[in-house]
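*Asks:* here are the coordinates; sequence isn't available:
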């Protein structure tokens, strides 16, 4: 007997529907559909707090819904679907009217509309106080700040409910409104110890800014909760037994599912993870949050995980800069490089020639990324790259240095000691980045699976319907049995060079990671 679960996996640059088939303790995954996702630029309305030269960025969520429906049709065509799970990025939300209709396209987190909201919130409650309550890193696009920025806009005033993106999709499939906790933990509104809404922060929003919380917020549910049955009759979704297909609240933040997908059974707390996609989420898995002043200063975040865990991590720029560089060259007719070609060019370039801070806000928005690299380099006494290979190598070297720093901080701040680094997601296919991460950290890197997020999503769904049992170790064992990973060993004698490269980025002469 086999069981089949479908993962709806939405990222900041694309969406997919994948079908996972569990047979004899092994999981195989096949793609049913893939569709583009990118923010849409709109002129903003005069009622919003923004400069006259600002533009709005929104998600085309109806296009995403169309792609999801097409993928579900294809999944059902291939056979029974015993469960559906949904994972997406965090912080962004859709507003629903009293009769459950979407009022407007959800804002995209890269929309720079929250600057004044951040100042206003911090005037009432400084970041160090917020951190004691929510353990959430400061990001100007956190849901907390979005709600304050939008509180007087017509869509918000008309809204009865705000649903995060995976919960919005689940609602459209089932008719039930819930808020899954792993994604909710990105909002800045959750107490990571109680795994409930923070009364102090909700009180701040309600009393000082007249944001209608908790009324706007749906009931929290944990991963593994059965949300309801897919109620769309035209999709013909049925289980192996002929019943309507249930929708499961999985680790609906994509990193939560990705960490479940790390094939490291029996090693909880002894591996560092890098979920490498548009963003890189770098950290360790804990059983408790860390909310020390040092953690707040380092801007680490406590995001909730599956089975009561905490993903203690730092947001690091991921493949975004490389994606933008390749797009820029392609659109200019300058070069049309595949990922393997780009990695080969980078591998041939001189190492550590140009180092940049990949987390600088300069690199956060779409645009001419090579020019921004030049600007950062000149402002920080670095050599601007001159060739395609040098630009690509500058980003990859700088990413590895950022990973080194983040993993070193995660260990120091949490009191853990990791033995390996597991890279899952698209970045695990970048052999140069994986090898340089091993060299930079001095630790073995285990690369794969590429489909770690989808597999983590699927095994939680399968456990919810009884096709699997056990805890995270058992779920990870299924994934370990199902994939081939690649191991990269740290090459000796390179620690001093990586320490020096990191110090160039920090411009402090002080590394948080001891040389190896």
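*Replies:* Thanks, I have it. Owing to the predicted nature of the structure, the values given are computational and were not obtained by experimental measurement.

*Asks:* could you pull out the helices for the stretch 1-150 of the chain?
*Replies:* With helices called from DSSP state H, counting those that start in this stretch, the stretch 1-150 of the chain shows them at 61-78, 115-124, 127-134, 143-149.

*Asks:* Which strands and helices lie in contact with the third one?
*Replies:* Counting by 3 or more Cβ pairs under 8 Å, 6 or more residues apart in numbering; DSSP states H and E, the packing neighbours recorded for helix 127-134 are strand 190-191, helix 199-209, helix 293-297. Bear in mind the C-beta positions are built from the backbone N, C-alpha and C, glycine included.

*Asks:* in it, what counts as buried?
*Replies:* 127, 130, 131, 133, 134 (16 or more other Cβ atoms under 10 Å).

*Asks:* which one of the helices of the stretch 1-150 of the chain lies closest to residue 232?
*Replies:* Closest to residue 232 of the helices of the stretch 1-150 of the chain is helix 61-78 (Cβ to Cβ; 7.7 Å).

*Asks:* And the buried residues of helix 127-134, which is closest to residue 496?
*Replies:* Ranked by distance to residue 496 (Cβ to Cβ), these are led by residue 131 at 34.5 Å.

*Asks:* who touches the closest one in this structure?
*Replies:* By Cβ atoms under 8 Å, 6 or more residues apart in numbering, the contact list for residue 131 reads 138, 291, 295, 296.

*Asks:* quick one: the nearest residue to the last one once chain neighbours are set aside from residue 236, how far?
*Replies:* Sequence neighbours aside, residue 131 is the residue nearest to residue 296 in space, at 4.1 Å (criterion: Cβ to Cβ, 6 or more residues apart in numbering). Distance, residue 131 to residue 236, using Cβ to Cβ, to the nearest Å: 48 Å.

*Asks:* What of residue 184?
*Replies:* Per Cβ to Cβ, residue 184 is found 32 Å from residue 236.

*Asks:* hang on, the earlier thing: can you lay out the buried residues of helix 127-134 as JSON lines showing distance to residue 311 and pLDDT?
*Replies:* What follows is those, written out as JSON lines (distance: Cβ to Cβ, whole Å; pLDDT from 0 to 100):
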{"residue": "127", "distance to residue 311": "20", "pLDDT": "97"}
{"residue": "130", "distance to residue 311": "19", "pLDDT": "98"}
{"residue": "131", "distance to residue 311": "16", "pLDDT": "98"}
{"residue": "133", "distance to residue 311": "18", "pLDDT": "98"}
{"residue": "134", "distance to residue 311": "14", "pLDDT": "98"}
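
*Asks:* How about the contacts made by the nearest residue in space to residue 354 that is not next to it in sequence?
*Replies:* Counting by Cβ to Cβ, 6+ apart, residue 354 lies nearest to residue 394, which is 4.0 Å off, once chain neighbours are set aside. Contacts for residue 394 (Cβ under 8 Å, 6+ apart) come out as 353, 354, 355, 356, 373, 377, 385.

*Asks:* when you check these against the helices, which ones overlap?
*Replies:* If you go by DSSP state H, the contacts of residue 394 have 373, 377 in helices.

*Asks:* Please tell me which one of the contacts of residue 394 counts the most neighbours.
*Replies:* Greatest neighbour count in those, by other Cβ atoms under 10 Å, goes to residue 356: 28 neighbours.

*Asks:* follow-up on the earlier one: tell me the one of the contacts of residue 394 nearest residue 70?
*Replies:* Nearest to residue 70 out of the contacts of residue 394 is residue 373 (Cβ to Cβ; 37.8 Å).

*Asks:* how far away is the closest residue to the closest one other than its chain neighbours from residue 36?
*Replies:* Once flanking residues are discounted, residue 373 sits nearest to residue 356: 5.9 Å by Cβ to Cβ, 6+ apart. Residue 356 sits 28 Å away from residue 36, going by Cβ to Cβ.

*Asks:* ditto for residue 345
*Replies:* 25 Å.

*Asks:* which one of those two has more residues nearby?
*Replies:* residue 345 (19 against 11).

*Asks:* contacting residues for the more buried one?
*Replies:* Contact analysis of residue 345 by Cβ under 8 Å, 6+ apart lists 337, 388, 389, 392.

*Asks:* try it again with 7 Å
*Replies:* Contacts for residue 345 (Cβ atoms under 7 Å, 6 or more residues apart in numbering) come out as 388, 389, 392.

*Asks:* Looking at those residues, which is nearest residue 215?
*Replies:* Relative to residue 215, and with distances defined as Cβ to Cβ, the nearest of the contacts of residue 345 is residue 392, at 49.0 Å.

*Asks:* Can you check the pLDDT for that closest one?
*Replies:* Predicted confidence (pLDDT) for residue 392: 98.

*Asks:* What strand or helix carries it?
*Replies:* Take DSSP states H and E as the rule and residue 392 turns out to sit in helix 388-414.

*Asks:* how about that helix: buried residues?
*Replies:* 388-411, 413-414.

*Asks:* Poorly predicted segments of this protein, please.
*Replies:* 44-54, 507-516 (pLDDT under 70).

*Asks:* how about 80 then?
*Replies:* 44-55, 232-234, 266-269, 507-516 (pLDDT under 80).

*Asks:* in the stretch 151-300 of the chain, which spans are strands?
*Replies:* Per DSSP state E, counting those that start in this stretch, the stretch 151-300 of the chain carries strands over the ranges 161-164, 179-180, 190-191, 196-197, 220-221, 225-229, 246-249, 271-276, 279-286.

*Asks:* Let me know which of these is the nearest to residue 462.
*Replies:* Closest among the strands of the stretch 151-300 of the chain, using Cβ to Cβ: strand 246-249, at 8.9 Å.

*Asks:* Identify all contacting residues around that closest one.
*Replies:* Identification of contacts with strand 246-249 by Cβ under 7 Å, 6+ apart yields 83-85, 170, 173-174, 178, 180, 221, 223-230, 460-461, 464-465.

*Asks:* Same question for stretch 140-159.
*Replies:* So stretch 140-159 is contacted by 47-49, 91, 93, 95-97, 103-104, 107, 109, 113-115, 117-118, 120-121, 136, 187-189, 201, 205, 209-211, 216 (Cβ under 7 Å, 6+ apart).

*Asks:* List only buried entries from the residues you listed.
*Replies:* Buried members of the contacts of stretch 140-159, scored by 16+ other Cβ under 10 Å, are 49, 91, 93, 95-96, 103-104, 107, 109, 113-114, 117-118, 120-121, 136, 187-189, 201, 205, 209, 211, 216.

*Asks:* Return the most buried member of the helices and strands packed on helix 127-134.
*Replies:* strand 190-191 (a mean of 24; mean count of other Cβ atoms under 10 Å).

*Asks:* quick one, what contacts residue 305?
*Replies:* Contacts for residue 305 were tallied using Cβ under 7 Å, 6+ apart; they are 182, 251, 256, 259, 285, 311.

*Asks:* Export those as JSON lines, with columns for distance to residue 30.
*Replies:* What follows is the contacts of residue 305, written out as JSON lines (distance: Cβ to Cβ, whole Å):
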{"residue": "182", "distance to residue 30": "25"}
{"residue": "251", "distance to residue 30": "21"}
{"residue": "256", "distance to residue 30": "23"}
{"residue": "259", "distance to residue 30": "23"}
{"residue": "285", "distance to residue 30": "28"}
{"residue": "311", "distance to residue 30": "28"}
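
*Asks:* Out of the residues you listed, the closest to residue 447 would be?
*Replies:* When the contacts of residue 305 are compared against residue 447 (criterion: Cβ to Cβ), the nearest one is residue 259, at 15.4 Å.

*Asks:* can you count the residues close to residue 415?
*Replies:* Residue 415 has 8 nearby residues by other Cβ under 10 Å.

*Asks:* Next one: it from residue 43, what distance?
*Replies:* Counting by Cβ to Cβ - residue 415 and residue 43 are separated by 50 Å.

*Asks:* Reformat the helices and strands packed on helix 127-134 as CSV; add distance to residue 454.
*Replies:* Shown next, in CSV, are the helices and strands packed on helix 127-134 (distance: least, Cβ to Cβ, whole Å):
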stretch, distance to residue 454
strand 190-191, 25
helix 199-209, 32
helix 293-297, 31
